[in-house]
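K.L.:
Any chance you can model this:
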Amino acid sequence: MPPEIFLYERLADDFIAAIESGTYGPGEKLPSLRALSSQQGVSVSTVMQAYYLLEARGWIEARDRSGFYVRHQLPNVLPEPEISTPLADPSHVSMRDLVERIVHADWQYPDLVRMGAAHPNPELAATAQINHFIKKVAGEMGEKSGMYDYVPGAASLRVQIARRGLLSGCSFSPDDVIITNGCSEAINLCLRAVCKPGDTVAIESPMSFDALLCLDVLGLKVIEIPTGPQEGISLEALERSLVSNRVQAVLVISNFNNPLGSCIPVDNKRALADLAARHQVPLIENDIFGELYFGDQRPEVIKAFDQEGWVMLCSSFSKTLSPGYRVGWVVPGRFQEMVEWLKYTTSLASPTLNEFAIAAFSASSRYQTYMRKTRRAYARRVAGMSQAVRRYFPEDCKLTRPAGGFILWVELPEQVDSLRLYRLALQAGVAIAPGYLFSATDQYRNFIRLNAANWSPDSEKHIQQLGILIEKERVK
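P.N.:
Just a heads-up that it's a prediction; the model follows:
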């Protein structure tokens, strides 16, 4: 089923066609928000989101107090990678050695330019705002701020999470929420609640390596399901796996997948919820990037279509606010009692002061202002890095075009091995994430993940360096 096209996306596509045809030339100013709103009969918000999307894709740029202009250097549009074709049989997960060699080794070199790890930009993080509320809340709570806040966690934070859930199409109560130590713990608890060692979990492919590590540690096998950068996980392939294998759980990143950047179309989200209910298989949904959308509307979650409690919704504030506070959450549906017990016996509670401070920040007017600024900043950084990749990487590369988050997934020429490229880049002072990290079966040897969160004009020379290395490897 083709992805749903929003009005702002159609408007953005019309402008791309106009730019490509010469109607608007490089450097020309585009109509103002109000003028285009009146001309097209759409809201100013729709026009704004269309311009943001064009900016994120590298077609236009914003100039302070002047408006939007066509870029002088237009995108050399690279095609997106095709839908993945992983092995269809269950596989054991063994990621520890590879992750220790790559991820942990990187941090031994403090001067590396880090373009691989999926960390938010520290300059954009809400650390200062949260610290302000930590001081305020600590003064109000006194000695209670240093005591345990037992499962399910701070009521004030669970209220804020339930309110934010309405924007993603969900209607759950604060009592349905359990606070966790980040999203990783939420996913870990969900897997432990519904699986035992040796069980099989169906996952998107490629899949974030922190999830693969969790599956590895828990002794679970995986079936990797074909997944594309636009449509997300293949419903047909997933259903075939559910019919032909004893699958105990499904694990997906519904919005702005890491590393693909895919946002599952709303009809497919509805179908996934139905699939979980029909097969009575728990579906663990990771929505950690869902708030970092570039469009005018927060995308729905699969949980919004869950009628029988089979969807276990996990997220955190790590990508949106700041990762070091380790505050996440889960709405585990029919598995709530078991997840609560596992949380209690695993870590007893989450950091009390951090919970209450984030709750206070989320309830303030500062939160929405911060989120709007952050979304636009990441849209610009994704646009900047995407443009540089198009300019400096070989023309036979492929590049995703995410509409949210800050991750790019690049398919390199077939001759280029990403692990060798990783080592060469490391010698040049640049850290990337080789594709081997995102599959239990070495599916992505000629892929890399790039993190655009820290992109700046100074970063362009490093992308140029990578392009030179890729070209040398391609022609060896």
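K.L.:
quick one, what contacts F68?
P.N.:
Contact partners of F68, counting by C-beta atoms under 8 Å, 6 or more residues apart in numbering, are 29-30, 51, 54-55, 60-62. All C-beta spots, glycine's among them, are computed from the backbone N, C-alpha and C.
K.L.:
and it, how far is that from L54?
P.N.:
8 Å (C-beta to C-beta, to the nearest Å).
K.L.:
ok, now S362?
P.N.:
From S362 to L54 the distance is 30 Å (C-beta to C-beta).
K.L.:
Those two: which has the busier surroundings?
P.N.:
L54 (25 against 21; other C-beta atoms under 10 Å).
K.L.:
Is the more buried one in a helix, a strand, or coil?
P.N.:
Classification of L54 into helix, strand or coil gives helix, according to DSSP: H, G, I helix; E, B strand; the rest coil.
K.L.:
Domain parsing of the chain, as residue ranges.
P.N.:
The record's domain split for the chain, according to automatic domain parsing, is 1-75, 125-365.
K.L.:
With respect to burial, which of the ones you listed scores highest?
P.N.:
Highest mean neighbour count among these (mean count of other C-beta atoms under 10 Å): domain 125-365, with a mean of 21.
K.L.:
Ends of it, what's the gap?
P.N.:
Taking C-alpha to C-alpha, to the nearest Å, the first and last residues of domain 125-365 lie 17 Å apart.
K.L.:
Report the buried residues of whichever helix in the chain runs longest.
P.N.:
The helix of greatest length in the chain, counted in residues with DSSP state H as the criterion, is given as helix 365-392. Residues of helix 365-392 classed as buried: 367, 370-371, 374-390, 392 (neighbour count, 16 or more other C-beta atoms under 10 Å).
K.L.:
doesn't D210 fall inside a strand?
P.N.:
No: remark: D210 does not belong to a strand; assigned using three-state DSSP, it is helix.
K.L.:
So it sits against A186, correct?
P.N.:
No: taking contacts as C-beta atoms under 8 Å, D210 lies outside contact range of A186: 11.9 Å.
K.L.:
What's the mean pLDDT across whichever strand or helix holds A128?
P.N.:
Under DSSP states H and E, the secondary-structure element containing A128 is helix 127-141. If you average the pLDDT over helix 127-141, you get 95.
K.L.:
try stretch 94-111
P.N.:
Averaged across stretch 94-111, pLDDT comes to 74.
K.L.:
May I have it exported as CSV, CA atoms only?
P.N.:
As requested, the backbone C-alpha atoms of stretch 94-111 are provided in CSV (Å, rounded to 0.1, in the frame of the first residue of the first chain):
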residue,chain,number,x,y,z
SER,A,94,26.1,-12.4,18.5
MET,A,95,26.9,-8.7,18.6
ARG,A,96,29.2,-8.2,21.6
ASP,A,97,32.6,-8.6,19.9
LEU,A,98,31.7,-6.4,17.0
VAL,A,99,30.2,-3.7,19.2
GLU,A,100,33.2,-3.7,21.6
ARG,A,101,35.6,-3.5,18.7
ILE,A,102,33.8,-0.6,17.1
VAL,A,103,31.6,1.4,19.5
HIS,A,104,33.7,1.2,22.7
ALA,A,105,37.0,1.6,20.8
ASP,A,106,35.8,4.9,19.4
TRP,A,107,35.6,6.5,22.8
GLN,A,108,39.3,5.9,23.5
TYR,A,109,40.0,8.7,21.0
PRO,A,110,38.5,12.0,22.4
ASP,A,111,39.4,14.1,19.3
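K.L.:
So what touches that stretch?
P.N.:
Surrounding stretch 94-111, the residues in contact under the criterion C-beta under 8 Å, 6+ apart are 112, 114, 116-117, 209, 212-213, 216, 422, 426, 429, 431, 433-434, 436-437, 440.
K.L.:
In space, what's closest to V416 - neighbours in sequence excluded?
P.N.:
Computed as C-beta to C-beta, 6 or more residues apart in numbering, the closest residue to V416 that is not its neighbour in sequence is E473, at 4.5 Å.
K.L.:
Can you classify the one you found as helix, strand or coil?
P.N.:
At E473 the chain is in helix, as set by three-state DSSP.
K.L.:
Likewise for E308?
P.N.:
Reduced to three states by three-state DSSP, E308 is coil.
K.L.:
which residue packs closest to it, ignoring adjacent ones?
P.N.:
With C-beta to C-beta, 6+ apart as the criterion, E308 has its nearest non-adjacent residue at 4.8 Å, and that residue is A277.
K.L.:
Next up, the contacts around the one you found.
P.N.:
With contact taken as C-beta under 8 Å, 6+ apart, A277 is in contact with 306-308, 310.
K.L.:
Next, format the contacts of F68 as TSV and append secondary structure.
P.N.:
What follows is the contacts of F68, written out as TSV (three-state DSSP):
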residue	secondary structure
K29	strand
L30	coil
Y51	helix
L54	helix
E55	helix
I60	strand
E61	strand
A62	strand
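K.L.:
picking up where we left off before, now, which of the contacts of stretch 94-111 lie within helices?
P.N.:
Under the assignment DSSP H, the contacts of stretch 94-111 contribute 209, 212-213, 216, 422, 426 to helices.
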